[in-house]
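Undergrad: Fold the following, please.
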Amino acid sequence: MRTLYVVTHPEATHHVEGVVGGWHDSQLTPAGIRAAVSIAQALRAQIPNSAEVELFSSDLQRTLRTAKG
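TA: Residues are numbered from 1 along each chain as shown. The predicted model follows:
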């Protein structure tokens, strides 16, 4: 059986600047970076070290940073 985790990026600069995120390759804010680290820690606690993992992400900086945790 496979398990799918869907994660959206946390707070990014386009959120606080009030612009449409899909049109700007914005960065995570400091709060967003802290949230990404928390997300990574929570996933690490759920996923066994021996598990085969595949990661899919868009090429936007905010999503890549979230994926890196």
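
Undergrad: can you tell me the average pLDDT over stretch 12-24?
TA: Averaging pLDDT along stretch 12-24 gives 81.

Undergrad: So what touches it?
TA: 26-29, 32, 62 (Cβ atoms under 8 Å, 6 or more residues apart in numbering). The way it works is simple: take the backbone N, C-alpha and C, and place the C-beta from them, glycine included.

Undergrad: Can you tell me which of those has the most neighbours?
TA: Tallying neighbours with other Cβ atoms under 10 Å puts Arg62 at the head of these, with 26 neighbours.

Undergrad: pretty sure it is in contact with Ser26, am I right?
TA: Yes - Arg62 lies in contact with Ser26 (Cβ atoms under 8 Å); the separation is 5.6 Å.

Undergrad: so where do the helices sit in the chain?
TA: Using DSSP state H, the helices of the chain run over residues 13-17, 30-46, 61-68.

Undergrad: Can you tell me which of those is packed in deepest?
TA: Most buried of these, by mean neighbour count (mean count of other Cβ atoms under 10 Å): helix 61-68, with a mean of 18.

Undergrad: and it with helix 30-46, angle?
TA: 30 degrees (axes from the mean of the first three to the mean of the last three Cα atoms, to 10 degrees).

Undergrad: any low-confidence regions in this protein?
TA: 21 (pLDDT under 70).

Undergrad: Figure out how far stretch 33-45 is from the centre of its chain.
TA: Centre-to-centre, stretch 33-45 and its host chain are 9 Å apart (Cα atoms, centre = their mean, to the nearest Å).

Undergrad: ok, and what's touching that stretch?
TA: 5, 7, 9-11, 28, 65-66, 68-69.

Undergrad: Of all pairs in those, which one spans the longest distance?
TA: Using Cβ to Cβ, the contacts of stretch 33-45 span at most 19.4 Å, a distance reached by Tyr5 and Glu11.
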